[in-house]
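J.: Sequence plus the predicted model coming up.
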Amino acid sequence: MSRVRSGYVRPIDFKHGRVDMTHGSGGRAMAQLIEELFLSEFDNEWLRAGNDSARIAMPAGRLVVATDSHVVSPLFFPGGDIGSLAVHGTINDVAMSGAAPLYLAATFVLEEGFPLADLKRIVASMAAASHAAGVPVVTGDTKVVEQGKGDGVFITTTGIGVVPEGIDIAGDRARPGDAILVSGTLGDHGVAIMSLRENLSFETTIESDSAALHGLVAAMVGAVPAIHCLRDPTRGGLATTLNELARQSGCGMVIRERDLPVKREVAAACEFLGLDPLYVANEGKLVAVAPAADAQRLLAAMRDHPLGRYAAIVGEAIEDPMHFVQMETSFGGRRNVDWLTGEQLPRIC
Amino acid sequence: MKYIDEFRDGELARVLAAAIAREARPGASYNLMEFCGGHTHAISRYGIKDLLPANVRMIHGPGCPVCVLPIGRIDNAIELASRPNVILATYADTMRVPASKGLSLMKAKARGADVRMVYSSADALKLARDNPSREVVFFAIGFETTTPPTAVAVREAAAQGLSNFSVFCNHVLTPAAIANILESREVRELGTVPLDGFVGPAHVSTVIGSQPYEYFAEEYQRPVVIAGFEPLDVMQAILMLVRQLNDGRAEVENEFTRAVTREGNVKAKALVAEVFELRRTFEWRGLGEVPYSALRIKEKYRAFDAEARYAIEYRSVPDNKACECGAILRGVKKPTDCKVFGTVCTPENPIGSCMVSSEGACAAHYTYGRFKDVPVVAGNAAP
């Protein structure tokens, strides 16, 4: 703090203070917020350089870039908050190409009046997630909007990474006969968020599964470089992700209901709320499509990783000119598993 | 999940399917209407049709509260929601029902109307308490299942003197709709809708009991089996109907004994009788004007009746000409008989109400069963 005091600046009151318009004005208040909050939490050489952009060294190879905005409500939820979510979400989008994520950029849109204590908590959580993942936030931006024009804080993160040689993972590569795997239980994040919603709060011990998946992906790619597709089933859940992959790849898919991993508490909450776990968001799970011959090896590699302990083979890709996703129900019938229609759970991430 | 998984057991389903296949007589046909959208949903979601022999045919009935709401009523709700000081509280399903001028409550909301999604009438009451300077109107829809909670809300509002709360009542009655279908020309004169028996409502029956159906069994000689909404309930009810038809019986039987009695929920019925009275007539989508088929708020609670407070005028609006919702709701047509099904009319851009609610026959078929319309696909992954 001596640096601040020597500049004749009074430290920001992170206990009782609130965001005001000056924090986005480009003046001293903004500089101070950047220094005392963002720089202090994210602390790395690129931010310390104090430039408007970060100059980074990239290893040779194919670059991957992904960006994701986070508007989740509520901001804090069991198992995470908007800060950790903003880090995990973008790291996962980069990792789903098989890439190692290297750097993040972050943009904050703050609403006038937002408590600085909450902002500090969010930024600290974001920094912890970034440090744990080994992916630094190297540049960023802050804007403030008038009260009523935002909802506390929105965070956009952009990530870049590099895909190792010999890896070709894309949404259009699923082929009839391929096995479909999921890395763990479905619907945890969406149900954790729903449990806090103002008009339907219910008691639960379910936590969001929010997690950075690049470690799991590295293990999977190491075991089976021939993986065809990876995708994280966030908004719209597994059902929507499978429909995206089927359409992109021009094939159909069949999954088996009895093989889908769903926690008992999540199944119960969905039953009670009239939701289908197939459509509920995940933030720490992935779907993999791989040649059938590699499926068992891939499954073993996933189960060896802490974030893939409950991985399962849940179905396969088939020939289908209509690109339908179908499910064999536990009950013994068969049905379409369609795209999500409308909005099941608004502002889930 | 205890008390749920037992009713979705695949092994038991196969046992029941074998019994139905054994007992359904090869020469005979069994045309059974599931009245409720809840049953329609279960049949599609669990793939129950795959487990039935070809001569046992399920016909979707009109028991989907959102589907039977006519356009004029949605127009009224949009007018209410567009008033500057009104918050319209509604169940989620009604948000996307198409209204006049290409609008829906969802689209009206995007244009500035204050529409809030609630999960219960109690949430609507809370909204009124939390927003004392605004007027909260609860868009009450549904059959006998959702009527008692609306009655409770009206009574509580009265007890608490919550003057900024009112109810736009659109509650409808199941027995009137069943009678309307049985009296229809297609069933009685033309015989274009063969209707041999009913899978009777689940949740509705927990309130009204099994007694009201006795009249249909007796007067129209059609068996009724009240069934729960779980897939095994439906299978068991189908087997019971097949047996009744084989025996030439037309009785009311109760498969859903764990929740339904002959008398129903006496307290709930008393509550409804205290707050509501019969309307002389009410327009249903598909069925048209049906006499004594809906409820309105009694004079005693007039202060909480949005129709009185805002002098709402009902104007009947015809359905889109290409839309077959009417015929589908009467069991005359199947979703795939409709020219716009899956082409112009999809869950994202519904033309008719049957494509909106997950309980609607068109939405259920589109969402769960449309692979069956494509022979090459339907055959592909046969178990």
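T.: Yep, it's here.

J.: in chain A, what residue is nearest chain B?
T.: Closest contact between chain A and chain B, by Cβ to the nearest Cβ, is at A:Gly333 (1.7 Å). No exception for glycine: its C-beta is placed from N, CA and C like everyone else's.

J.: Quick one: neighbours of the nearest residue to that residue once chain neighbours are set aside, just the number.
T.: With Cβ to Cβ, 6 or more residues apart in numbering or on different chains as the criterion, A:Gly333 has its nearest non-adjacent residue at 1.7 Å, and that residue is B:Gly47. Other residues near B:Gly47 come to 24 when the count uses other Cβ atoms under 10 Å in any protein chain shown.

J.: And A:Pro176, by the same measure?
T.: Residues near A:Pro176, counting by other Cβ under 10 Å, number 15.

J.: residue ranges of the strands in chain B, please?
T.: B:30-36, B:56-63, B:86-90, B:115-117, B:135-142, B:165-171, B:197-200, B:224-226, B:252-254, B:276-278, B:281-284, B:288-291, B:295-297 (DSSP state E).

J.: looking at the chain, which helix or strand is least sure?
T.: Reading this off chain A. Within chain A, confidence by mean pLDDT, DSSP states H and E is lowest for helix A:2-6 among all helices and strands, at a mean of 52.

J.: I was after chain B.
T.: Lowest by mean pLDDT, DSSP H and E among the helices and strands of chain B is helix B:375-380, with a mean of 68.

J.: Can you give me the distance of the closest residue to B:Asp337 other than its chain neighbours to B:Glu348?
T.: Once flanking residues are discounted, B:Asp337 sits nearest to B:Glu324: 6.4 Å by Cβ to Cβ, 6+ apart. B:Glu324 sits 19 Å away from B:Glu348, going by Cβ to Cβ, to the nearest Å.

J.: Any idea which residue of the stretch 201-350 of chain B lies closest to chain A?
T.: Counting by Cβ to the nearest Cβ, the stretch 201-350 of chain B gets nearest chain A through B:Pro347, at 3.9 Å.

J.: Neighbours of the nearest residue to that residue once chain neighbours are set aside, how many?
T.: Residue nearest to B:Pro347 in three dimensions, not counting chain neighbours: A:Thr341, with 3.9 Å by Cβ to Cβ, 6+ apart. Other residues near A:Thr341 number 19, with proximity taken as other Cβ under 10 Å.

J.: which SS class is A:Thr341?
T.: Three-state call for A:Thr341 (DSSP: H, G, I helix; E, B strand; the rest coil): coil.

J.: any low-confidence regions in the chain?
T.: With no chain named, the answer covers chain A. For chain A, the stretches flagged by pLDDT under 70 are A:1-7, A:198-202, A:342-346.

J.: The intended chain is chain B.
T.: The model of chain B has pLDDT under 70 over residues B:379-383.

J.: that older thread, what about the residue of the stretch 201-350 of chain B closest to chain A, neighbour count?
T.: Residues near B:Pro347, counting by other Cβ under 10 Å, number 20.

J.: Now it. Its backbone dihedrals?
T.: Per-residue torsions, B:Pro347: phi -60, psi -30 (degrees, to the nearest 10).

J.: ranges for the helices of the stretch 201-350 of chain B?
T.: For the stretch 201-350 of chain B, the helices defined by DSSP state H, counting those that start in this stretch cover B:203-208, B:214-220, B:231-247, B:266-275, B:306-309, B:325-329.

J.: again with chain A
T.: A:2-6, A:28-33, A:40-42, A:45-48, A:82-95, A:116-133, A:188-194, A:214-223, A:237-249, A:264-273, A:295-304 (DSSP state H).

J.: In TSV: these, plus distance to B:Val56 and mean neighbour count.
T.: Below are the helices of chain A laid out as TSV (distance: least, Cβ to Cβ, whole Å; neighbours: other Cβ atoms under 10 Å in any protein chain shown):
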stretch	distance to B:Val56	mean neighbour count
helix A:2-6	79	9
helix A:28-33	70	17
helix A:40-42	65	19
helix A:45-48	69	14
helix A:82-95	47	29
helix A:116-133	56	20
helix A:188-194	37	28
helix A:214-223	47	21
helix A:237-249	30	23
helix A:264-273	28	18
helix A:295-304	39	18
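
J.: Make TSV from those and add distance to B:Leu69 to it.
T.: Formatted as TSV, those follow (distance: least, Cβ to Cβ, whole Å):
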stretch	distance to B:Leu69
helix A:2-6	63
helix A:28-33	52
helix A:40-42	53
helix A:45-48	57
helix A:82-95	38
helix A:116-133	43
helix A:188-194	27
helix A:214-223	48
helix A:237-249	28
helix A:264-273	23
helix A:295-304	48
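
J.: give me the number of residues near the residue nearest to B:Asp337?
T.: B:Glu324 has 24 neighbours, counted by other Cβ under 10 Å.

J.: Quick check: it vs B:Ser100, distance?
T.: Applying Cβ to Cβ to B:Glu324 and B:Ser100 gives a distance of 19 Å.

J.: residue contacts, whichever residue of the stretch 1-150 of chain B sits closest to chain A?
T.: With Cβ to the nearest Cβ as the measure, B:Gly47 is the residue of the stretch 1-150 of chain B nearest to chain A, at 1.7 Å. Contact analysis of B:Gly47 by Cβ atoms under 8 Å, 6 or more residues apart in numbering or on different chains lists A:Thr329, A:Phe331, A:Gly332, A:Gly333, A:Arg334, A:Arg335, B:Tyr368.

J.: same check, this time on B:Trp284
T.: Applying Cβ under 8 Å, 6+ apart to B:Trp284 gives the contacts B:Pro62, B:Val68, B:Pro70, B:Val172, B:Ala177, B:Asn180, B:Val290, B:Ser293, B:Leu329.

J.: Nearest the geometric middle of the chain, what residue?
T.: No chain was given, so I picked chain A. Taking Cα atoms, centre = their mean, the centroid of chain A lies closest to A:Gly89, which sits 2.1 Å from it.

J.: right idea, wrong chain: chain B
T.: Nearest to the geometric centre of chain B sits B:Cys64, at 2.0 Å (Cα atoms, centre = their mean).

J.: Give me the nearest residue to B:Met355, chain neighbours excluded.
T.: That would be B:Cys362: by Cβ to Cβ, 6+ apart, it lies 4.3 Å from B:Met355.

J.: Quick one: residues contacting the one you found.
T.: Contacts of B:Cys362 by Cβ under 8 Å, 6+ apart are B:Cys325, B:Ile328, B:Pro335, B:Cys338, B:Phe341, B:Cys345, B:Gly352, B:Cys354, B:Met355.

J.: and these, which two are the farthest apart?
T.: The largest separation in the contacts of B:Cys362, counting by Cβ to Cβ, is between B:Ile328 and B:Cys345 at 11.3 Å.

J.: Next, show the common contact partners of the two.
T.: Shared contacts of B:Ile328 and B:Cys345, counting by Cβ under 8 Å, 6+ apart, come down to B:Cys338, B:Cys362.

J.: Report the beta-bridge partners for the closest residue in space to A:Gly150 that isn't next to it in sequence.
T.: Among residues not flanking A:Gly150 along the chain, A:Glu111 sits closest, at 3.5 Å (Cβ to Cβ, 6+ apart). A:Glu111 has the following beta-bridge partners by DSSP bridges: A:Val145.

J.: so A:Glu111 makes contact with A:Leu119?
T.: No. A:Glu111 lies out of contact with A:Leu119 (Cβ atoms under 8 Å); the separation is 10.3 Å.

J.: Next, the contact list for A:Asp276, please.
T.: So A:Asp276 contacts A:Gly237, A:Ala239, A:Cys270 (Cβ under 8 Å, 6+ apart).
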